[in-house]
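Colleague: next comes the sequence, and after it the predicted model I'd like to discuss.
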Amino acid sequence: MTASKKITVIGGTGYAGSAIAREAIKRGHQVTSVSRSVPAEPIPDVTYVASGVEGAGASIADADVIVGAFSPRGANKGALVKVYADLAKQAADAGARLVLVGGFSCLRRTAGAPRMLEGESFPAEVPAEVVAEAMENLDVLNNLLADTTGVDWLFVSPAMEFSAWQPGEDLGRYRIGDDVALFDENGKSAISGIDYARAVLDEIESPTRHRAQIGVAY
């Protein structure tokens, strides 16, 4: 049986963050969710802290694992790089593992190819704010790749179809790859929130990679 861990989820009320918090509680971990507000329907047994990231110090200092599921939208636009740089330093100081919800377009099409954001253009119909978020995610990843704090980080990129608007099904399975995007036999790249959360919790409980990017898809 895996020992219970203290897990702090930054952005624990969003799509990815809430799925991770729910799965962690189900597995017997102690979970603190830090977000600007408490959800109308809180997950039982999760401790909610209504705070901006800058006020999450105590929750982070006591954690074994810090999960970053921060959404750089609205008032938080443009804040992702600084938020995660600060979290990396705090995690390193606390001896905690840092697991970040990454972006699909930070992956590569093939081994050795540029990351999608570096070598491809977004279709014209993709909203500008989505492009901006993707670029922030890439900046975060590049900072981690150049990290000198020694923090034990993991950047977990979901499949292309992964959002509250494409929730997917609970299939109870997933595949993990490195920094090359995974597609199924029909050329589809998708993962549901719950199966993504399972991949994250499995990696938290039994780490297979350190200071690395991985991708999760069916």
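Modeller: Perfect, thanks for sending it. Residues are numbered from 1 along each chain as shown.
Colleague: C-alpha only now, for contacts and for neighbours.
Modeller: Noted.
Colleague: quick one, helices of the chain?
Modeller: Ranges of helices in the chain, per DSSP state H, are 15-26, 57-61, 80-94, 116-119, 128-145, 193-205.
Colleague: nearest to residue 162, out of the ones you listed?
Modeller: Residue 162 lies closest, by CA to CA, to one member of those: helix 193-205, at 6.9 Å.
Colleague: list the helices and strands that closest one packs on?
Modeller: Judged by 3 or more CA pairs under 8 Å, 6 or more residues apart in numbering; DSSP states H and E, helix 193-205 is in contact with helix 15-26, strand 212-217.
Colleague: export the ones you listed to a markdown table and append columns for mean pLDDT and distance to residue 81.
Modeller: A markdown table is the format used below for those (pLDDT from 0 to 100; distance: least, CA to CA, whole Å):
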| stretch | mean pLDDT | distance to residue 81 |
| --- | --- | --- |
| helix 15-26 | 98 | 18 |
| strand 212-217 | 98 | 16 |
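Colleague: could the ones you listed go into TSV alongside distance to residue 187?
Modeller: Shown next, in TSV, are the helices and strands packed on helix 193-205 (distance: least, CA to CA, whole Å):
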stretch	distance to residue 187
helix 15-26	23
strand 212-217	12
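Colleague: which residues touch the helix or strand of the chain with the lowest mean pLDDT?
Modeller: When each helix and strand of the chain is scored by mean pLDDT, DSSP states H and E, helix 57-61 comes last, with a mean of 80. Counting contacts by CA atoms under 8 Å, 6 or more residues apart in numbering, the residues outside helix 57-61 that touch it are 8, 32, 66, 90, 91, 94.
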